[in-house]
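Q: The sequence and its predicted three-dimensional model are supplied below.
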Amino acid sequence: MTKKELLYEGKAKKLFSHKEKDKLIQYFKDDATAFNKKKHDVMENKGILNNLISEHIFTHLRNNGIENHFIKRINEREQLVRKLEIIPIEVIIRNIAAGTLSKRLGIEEGKELPGPLIEFTLKNDNLDDPIISEEHIRVFEWASVNEIKEIKNQSIKVNKALIGLFINVGIILVDFKIEFGRLITENGNKIILADEISPDSCRLWDKKSLKKLDKDRFRRNLGGLIDAYKEVATRLGIDIKNN
Ligand code: ATP
Ligand code: TYD
């Protein structure tokens with residue numbers, strides 16, 4: 001049997017090889033980082049909660065016709081995913097102004113946007129993930145024009161599905177970050193949603209109180225991060241006790 005080999009260690013996850021070469025194991029760590037690692041801490045059980053929440057969200061997306069890399073959860077910290085060639089871009093979708101959008105453009109945090117706003121950043125920690133335009137993506141060939149179109153189409157579908165999922169449990173989806181990869185097939189390449197979707201990569205506000213239920217609790221030193229993630233999981237109907 002082939003040994004499970006550590007292929008990559010990122011800020012929040014590790015990637016291991018799998019005996020089937022077209023698959024990977026995603027391992028969710030407890031590390032919390034912000035501002036490109038300038039702030040770092042370990043939050044006990046965060047990885048377990050993100051694994052469960054991400055499983056729930058990717059399953060919901062699949063059930064709503066949005067194909068993605070998730071195959072199955074293996075245990076409390078690991079999931080089996082399809083191995084992709086990651087496009088080196090983070091796609092940020094915003095429904096309400098917050099975070100760096102508010103800082104960059106002086107737009108009041110909490111202001112509802114007239115429609116979803118898609119932004120792109122380059123996945124490059126040495127450069128602090130700079131914001132880029134579609135033109136940069138095309139000119140530097142990080143993705144083709146067709147791929148960018150497909151990424152935007154899928155991002156809008158993901159946003160619609162997630163707004164619905166969260167509003168049903170009294171949570172406002174303010175913004176989130178997603179990643180895509182290429183699946184190389186005999187009939188050409190396919191763009192597939194990858195990575196994770198969890199309170200680490202979304203801004204989630206309680207509908208009534210506007211309480212932050214996401215990583216801003218860590219970024220802004222508000223405390224109560226694990227309780228907030230548990231609240232999100234419980235509201236989504238995830239059984240966190242028996243998992
Ligand atoms: P960042 O997400 O900010 O680039 P990182 O690399 O530290 O930082 P982690 O979440 O710790 O992020 O690491 C997980 C890595 O796995 C990411 O680089 C992500 O692009 C990659 N990844 C996610 N899904 C897949 C997949 N299906 N195939 C190959 N790589 C993947
Ligand atoms: P943004 O306001 O641009 O940056 P920050 O998280 O530094 O305040 O983030 C928009 C959303 O995207 C937010 O929900 C967090 C998520 N995000 C990530 O998960 N990873 C990233 O590297 C970036 C830039 C954003």
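A: Alright, I've got the coordinates. Ligands and ions are numbered 1, 2, ... in the order given.
Q: where does the protein come near ligand 1, residue by residue?
A: When proximity is defined as Cβ under 6 Å from any ligand atom, the chain approaches ligand 1 at 10-13, 15, 24, 69, 81-84, 86, 123, 179, 181, 194-195. All C-beta spots, glycine's among them, are computed from the backbone N, C-alpha and C.
Q: For PyMOL, what selects the buried ones among the residues you listed?
A: What follows is the PyMOL syntax selecting those of the residues of the chain next to ligand 1 that are buried according to 16 or more other Cβ atoms under 10 Å:
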select buried, resi 12+13+15+24+69+81+82+83+84+179+181+194+195
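Q: So which of the residues of the chain next to ligand 1 are in strands?
A: 13, 15, 24, 81, 82, 86, 179, 181, 194 (DSSP state E).
Q: Phi, psi for the residue in the chain that ligand 1 sits nearest to please.
A: Nearest residue of the chain to ligand 1, counting by Cβ to the nearest ligand atom: residue 10, 2.2 Å away. Backbone torsions for residue 10, taken as degrees, to the nearest 10, come to phi -100, psi -170.
Q: where's it relative to residue 200, distance?
A: 12 Å (Cβ to Cβ, to the nearest Å).
Q: unless I'm mixing things up, residue 52 is touching residue 232, no?
A: No. Contact criterion Cβ atoms under 8 Å: residue 52 and residue 232 do not qualify, at 10.0 Å.
Q: helix or strand for the residue most central in space within the chain, which one?
A: Nearest residue to the geometric centre of the chain (Cα atoms, centre = their mean): residue 197, 3.4 Å. Element membership of residue 197 [criterion: DSSP states H and E] is none; it lies in no helix or strand.
Q: Go through stretch 153-172 and flag the buried ones.
A: Counting neighbours by 16+ other Cβ under 10 Å, one finds that the buried residues in stretch 153-172 are 154, 155, 158, 159, 161, 162, 163, 165, 166, 171, 172.
Q: Off-centre distance for the helix or strand hosting the fourth one?
A: In this case it means residue 159. In this structure, residue 159 sits in helix 145-167 according to DSSP H and E. Relative to its parent chain, helix 145-167 has a centroid offset of 12 Å by Cα atoms, centre = their mean, to the nearest Å.
Q: what does stretch 89-100 give?
A: Using Cα atoms, centre = their mean, the offset of stretch 89-100 from its chain centre is 11 Å.
Q: CA atoms of it as CSV?
A: Provided in CSV are the C-alpha atoms of stretch 89-100 (Å, rounded to 0.1, in the frame of the first residue of the first chain):
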residue,chain,number,x,y,z
ILE,A,89,-6.5,33.3,-7.5
GLU,A,90,-8.8,33.9,-4.6
VAL,A,91,-12.3,34.8,-5.6
ILE,A,92,-14.1,37.1,-3.1
ILE,A,93,-17.8,37.5,-3.4
ARG,A,94,-19.4,40.3,-1.4
ASN,A,95,-23.1,41.1,-0.7
ILE,A,96,-22.5,43.7,2.1
ALA,A,97,-19.5,46.0,2.4
ALA,A,98,-17.0,44.9,5.1
GLY,A,99,-13.3,44.2,5.7
THR,A,100,-10.8,45.4,3.1
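Q: now what about it, what contacts it?
A: 101, 107-113, 116-123, 129, 131-132, 137, 142-143, 151, 155-156, 158-159, 163, 172-180, 203, 216 (Cβ atoms under 8 Å, 6 or more residues apart in numbering).
Q: Would you write a ChimeraX line that selects the buried entries of those residues?
A: In ChimeraX syntax, the buried subset of the contacts of stretch 89-100 is picked out as below (16+ other Cβ under 10 Å):
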select :101,119,120,121,122,129,132,137,142,143,151,155,158,159,163,172,173,174,175,176,177,178,179,180,203,216
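Q: That concludes my questions; thank you for your assistance.
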